[in-house]
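> predicted coordinates and the sequence they were generated for:
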Amino acid sequence: MRTGTVERIAGVLVGAEGLALVGIVVWQLAAIAAGDTGFIASAIALVVLTLVGAVAVIAFSVAIVRGRSWGRSGGIVTQLLILAVALGAATGAYAHPLIGLALAVPALVTFVLLVFAARAAGRAASAAAE
């Protein structure tokens, strides 16, 4: 299936989020190596979970670029999770509203692009069925 510009841009943005997660994994590994962890078992578990998330988000990115619906669905869920984290960063006892905003704006843009890509794919499927 041929993908449109919106879908390719959304795929690149989701891929950038996946690469950011890889960066977080590197940061976590550096913290473990420096001894900045309270419990090594928890730190390793967090690294593994973050790496699994990074692989999943990168897989969503590749699937979006290839026009697969499961990639768009996974990308939309990823954006909603990022928005939840942004809300948590912007509110609460240790709130950092600018960090919340820095997380929320790209997630909102990517979310909108993914919804447009899904609608375009739906129209294309309807046209092909006729």
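Everything's here; your move.
> what segments of this protein are helices?
Using DSSP state H, the helices found in the chain span residues 5-34, 40-65, 69-90, 97-129.
> low-confidence ranges in this structure?
1-2 (pLDDT under 70).
> could you rerun that using 80?
1-3, 130 (pLDDT under 80).
> show the backbone phi and psi for residue 4.
phi -90, psi 180 (degrees, to the nearest 10).
> how far away is it from residue 22?
As judged by CB to CB, to the nearest Å, residue 4 and residue 22 stand 27 Å apart. Yep, even glycine has a C-beta here, placed from its N, CA and C like the rest.
> what do you get for residue 47?
Taking CB to CB, one finds residue 47 at 11 Å from residue 22.
> likewise for residue 107?
Distance, residue 107 to residue 22, using CB to CB: 18 Å.
> more neighbours, these two?
residue 107 (21 against 16; other CB atoms under 10 Å).
> mind listing what the closest residue to that one other than its chain neighbours touches?
Spatially, and ignoring its direct neighbours in sequence, residue 107 is nearest to residue 82 (4.0 Å; CB to CB, 6 or more residues apart in numbering). Counting by CB atoms under 8 Å, 6 or more residues apart in numbering, residue 82 touches 17, 103-104, 106-107.
> can you name the two of the residues you listed that are farthest apart?
17 and 104 (12.9 Å; CB to CB).
> now the phi/psi pair for residue 38, please.
phi -80, psi -40.
> what's stretch 24-35 in contact with?
By CB under 8 Å, 6+ apart, the list of residues contacting stretch 24-35 from outside reads 37, 40, 43-44, 46-47, 50-51, 54.
> among those residues, pick out the one closest to residue 117, please.
Nearest to residue 117 among those, with distances taken as CB to CB, is residue 54, at 21.8 Å.
> isn't that closest one right up against residue 16?
No - here residue 54 does not reach residue 16: they are 11.7 Å apart, not a contact under CB atoms under 8 Å.
> so for the two, which residue has more residues nearby?
residue 54 (19 against 14).
> got the contact list for the more buried one?
18-19, 21-22, 24-25 are the contacts of residue 54 under CB under 8 Å, 6+ apart.
> out of the residues you listed, the closest to residue 94 would be?
Nearest member of the contacts of residue 54 to residue 94, counting by CB to CB, is residue 24, at 18.7 Å.
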